[in-house]
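A.B. asks: with the sequence up front, the predicted model follows.
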Amino acid sequence: MARQRSPFLYQLLVDKYVGMIDSGLMKPGDRLPSLRQVSQNERISLTTALQVFGLLESRGYIRAKPQSGYFVLDRDRPSPEEHPLSPRRFDTAQVNISDLAAVVLRNSQMPNIVPLGAASPGPTLVPSRALNRLLIGQIRRHDRPQGQEYSYPPGEYDLRRQIALRSGEWGGGLTPDQIVVTVGGTQAIDLCLRAVTNPGDLVVIETPCYFGTLMLLETLGLSALEVPSPSQGGICLDMMAEALGSYPVRACIVSPCFSNPSGSCMSDRSKQALVAMASRRGIPLIEDDTYGDLGYVGARPRPAKAFDENGGVMLCSSFSKLLAPGYRIGWTVPGRFRDRLEHLQLASTLAVPKIFQATIADFLGSGAYDRHLRKIRASVALQSVRMIEAIGRYFPPGTRVARPRGGIVLWVELPEGSDAVQLSSQAALEGICICPGPIFSATRGYQNFIRLNAGFPWSPALDRALCRLGELIKNPGP
């Protein structure tokens with residue numbers, strides 16, 4: 001009952017405050033009750049109260065002032081424009097973005113960098129101490145360190161069982177035997193691609209597309225067929241149908257739940273139609289669900305795998321982005337391609353570190369993962385709206401921001417004529433790492449787009465970095 005009631009309370013309270021502000025009952029400059037007061041008065045959790053205020057802030061009704069609380073804003077104030085980022089026609093291309101991506105990744109490792117180019121939470125949002133305690137417990141409970149043992153495919157049963165149990169949240173009903181543990185989510189997608197394609201094959205991707213996926217296509221010698229995926233609604237199904245009907249497509253890669261970088265999330269109806277479309281043509285659908293657990297509001301969205309009836313959807317996910325980046329533990333449900341995928345994994349990495357699998361299994365089994373998700377969802381939701389508000393203050397007119405309802409990044413369109421690659425280079429020289437738009441396109445499009453990380457808690461350094469970015473955009477220099 002609690003899962004169904006929370007989204008209703010959330011929207012009810014948002015509507016309540018919107019009505020009070022629009023009617024003039026609450027005026028610009030009025031201070032709202034504290035989060036704790038709202039939690040007590042409305043009998044909701046602090047997380048729900050924070051999400052209510054976060055959405056009000058993203059819509060331009062209120063603003064947080066450090067150490068002071070939330071205040072009603074003047075609705076006539078300028079703010080970054082939100083729009084659905086119009087689709088483009090699809091294109092085919094040999095992928096060639098690794099050189100540009102390598103520069104961005106190197107910049108992200110520079111000391112004292114402001115890490116706006118990453119797509120993962122800051123250290124304070126990762127439960128390192130809890131994981132360390134569980135890791136030490138694993139070592140002490142066994143006569144010989146598990147880190148010295150192999151864990152052959154499909155991976156440790158306890159971890160696969162916990163993943164299967166969690167699939168009940170979205171009606172998946174997975175079994176441990178359907179799951180293969182991998183070395184991170186990247187290997188999961190890599191193995192899926194290798195299981196169903198050969199060099200020279202054509203693969204449909206959404207655009208914009210996560211640059212790690214593009215690098216895999218480049219490495220495997222695969223060509224990309226780009227199909228637009230606007231920030232609202234996900235991949236364009238009409239153009240997807242046209243692409244599948246006009247080209248010899250061997251596989252599709254999509255991210256229906258909070259894609260990286262646009263943050264788009266498809267409706268259940270669209271996911272079902274997408275699965276049916278690929279199934280009718282016998283085309284495997286590789287689903288990247290890395291950020292599916294990081295929705296800000298309501299129940300966890302159902303992945304496309306929930307609508308798979310013949311094993312054609314290859315679900316991929318990871319614990320690297322939201323829980324334990326250094327552990328490099330991912331997983332896949334490869335459907336009817338499971339045997340082929342296991343053979344490929346044996347021939348490449350042979351095994352996945354056993355002790356890290358066991359540690360994450362303990363963390364999931366203890367219920368700590370759900371508590372962790374509540375914390376990180378609330379933090380990233382608030383951080384996102386604060387960053388959007390700062391972009392409105394510092395970036396030039398004409399800037400547009402896709403406002404996601406989940407995930408950990410912001411997709412920002414800069415004014416026409418802006419050069420995101422040049423901006424990235426200039427920002428790196430000043431200790432700020434960002435991701436330029438062209439690395440999210442096989443054809444190096446999105447010249448005036450950037451992706452920003454919303455996973456680090458607000459700080460004066462972050463505010464200064466966004467201010468400086470705005471200055472560089474307005475005055476790009478030679």
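C.D. replies: Nice, I can see it. Residues are numbered from 1 along each chain as shown.

A.B. asks: and the next helix or strand past the host helix or strand of Thr47?
C.D. replies: Per DSSP states H and E: Thr47 is located in helix 46-58. Sequence-wise, the next helix or strand downstream of helix 46-58 (DSSP H and E) is strand 62-65.

A.B. asks: give the buried residues for the following helix or strand past that following strand.
C.D. replies: Per DSSP H and E, the first helix or strand lying C-terminal to strand 62-65 is strand 69-72. Within strand 69-72, the residues that qualify as buried by neighbour count (16 or more other C-beta atoms under 10 Å) are Tyr70, Val72. From N, CA and C alone the C-beta is placed, and that goes for glycine too.

A.B. asks: one more: stretch 153-168?
C.D. replies: Buried-residue list, stretch 153-168, by 16+ other C-beta under 10 Å: 153-156, 158-164, 166-167.

A.B. asks: stretch 177-197 too?
C.D. replies: So stretch 177-197, judged by 16+ other C-beta under 10 Å, has buried residues 178-197.

A.B. asks: centre of the chain to that stretch, how far?
C.D. replies: Per C-alpha atoms, centre = their mean, to the nearest Å, the displacement of stretch 177-197 from the mean C-alpha position of its chain is 18 Å.

A.B. asks: quick check: mean pLDDT of the helix or strand containing Leu274?
C.D. replies: Using DSSP H and E, Leu274 sits in helix 268-280. Average pLDDT, helix 268-280: 96.

A.B. asks: after that helix, heading C-terminal, what element do we hit next?
C.D. replies: strand 285-288.

A.B. asks: now do that following strand: everything it contacts.
C.D. replies: Under the criterion C-beta atoms under 8 Å, 6 or more residues apart in numbering, residues 185, 189, 192-193, 196, 210, 213, 251-256, 259-260, 274-275, 278, 303-305, 308, 312-317 lie in contact with strand 285-288.

A.B. asks: for it, buried residues please.
C.D. replies: Leu285, Ile286, Glu287, Asp288.

A.B. asks: which strand residues bridge the first one?
C.D. replies: On the basis of DSSP bridges, Leu285 is bridged to Cys252, Val313.

A.B. asks: where's it relative to Met215, distance?
C.D. replies: According to C-beta to C-beta, to the nearest Å, Leu285 and Met215 sit 20 Å apart.

A.B. asks: so which elements touch the helix or strand hosting Cys192?
C.D. replies: Taking DSSP H and E as the definition, Cys192 sits inside helix 184-196. Secondary-structure packing of helix 184-196 (3 or more C-beta pairs under 8 Å, 6 or more residues apart in numbering; DSSP states H and E): strand 180-182, helix 211-220, strand 249-254, strand 285-288, strand 313-318, strand 330-333, helix 338-348.

A.B. asks: which helices and strands does the helix holding Thr47 pack with?
C.D. replies: helix 2-22, helix 35-42, strand 62-65, strand 69-72, helix 368-394.

A.B. asks: what's next to it, contact-wise?
C.D. replies: So helix 46-58 is in contact with 6, 9-10, 13-14, 17-18, 32, 35-36, 38-39, 42, 62-64, 70, 296-297, 374-375, 377-378, 381-382, 384-386, 388-389, 403, going by C-beta under 8 Å, 6+ apart.

A.B. asks: what's the distance between the residue lying closest to Arg36 once chain neighbours are set aside and Leu382?
C.D. replies: Leaving aside its sequence neighbours, Arg36 sits nearest to Leu46 (C-beta to C-beta, 6 or more residues apart in numbering; 6.9 Å). Per C-beta to C-beta, Leu46 is found 11 Å from Leu382.

A.B. asks: tell me the mean pLDDT for stretch 183-194?
C.D. replies: Mean predicted lDDT for stretch 183-194 stands at 96.

A.B. asks: also stretch 386-394?
C.D. replies: For stretch 386-394, mean pLDDT is 89.

A.B. asks: off-centre distance for it?
C.D. replies: The mean C-alpha position of stretch 386-394 is separated from the chain mean by 20 Å, C-alpha atoms, centre = their mean.

A.B. asks: in that stretch, which residues are buried?
C.D. replies: Arg386, Met387, Ile388, Glu389, Ala390, Ile391, Gly392, Tyr394.

A.B. asks: what of stretch 51-65?
C.D. replies: Neighbour counts over stretch 51-65 (16+ other C-beta under 10 Å) mark 51-64 as buried.

A.B. asks: out of the residues you listed, which is nearest to Ser441?
C.D. replies: For the buried residues of stretch 51-65, the residue nearest Ser441 by C-beta to C-beta is Ser58; the value is 26.7 Å.

A.B. asks: returning to what we had before: in JSON lines, list the buried residues of stretch 51-65 along with pLDDT.
C.D. replies: Supplementary listing: the buried residues of stretch 51-65 in JSON lines, determined by pLDDT from 0 to 100:
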{"residue": "Gln51", "pLDDT": "74"}
{"residue": "Val52", "pLDDT": "82"}
{"residue": "Phe53", "pLDDT": "82"}
{"residue": "Gly54", "pLDDT": "74"}
{"residue": "Leu55", "pLDDT": "74"}
{"residue": "Leu56", "pLDDT": "81"}
{"residue": "Glu57", "pLDDT": "75"}
{"residue": "Ser58", "pLDDT": "63"}
{"residue": "Arg59", "pLDDT": "67"}
{"residue": "Gly60", "pLDDT": "70"}
{"residue": "Tyr61", "pLDDT": "82"}
{"residue": "Ile62", "pLDDT": "84"}
{"residue": "Arg63", "pLDDT": "78"}
{"residue": "Ala64", "pLDDT": "75"}
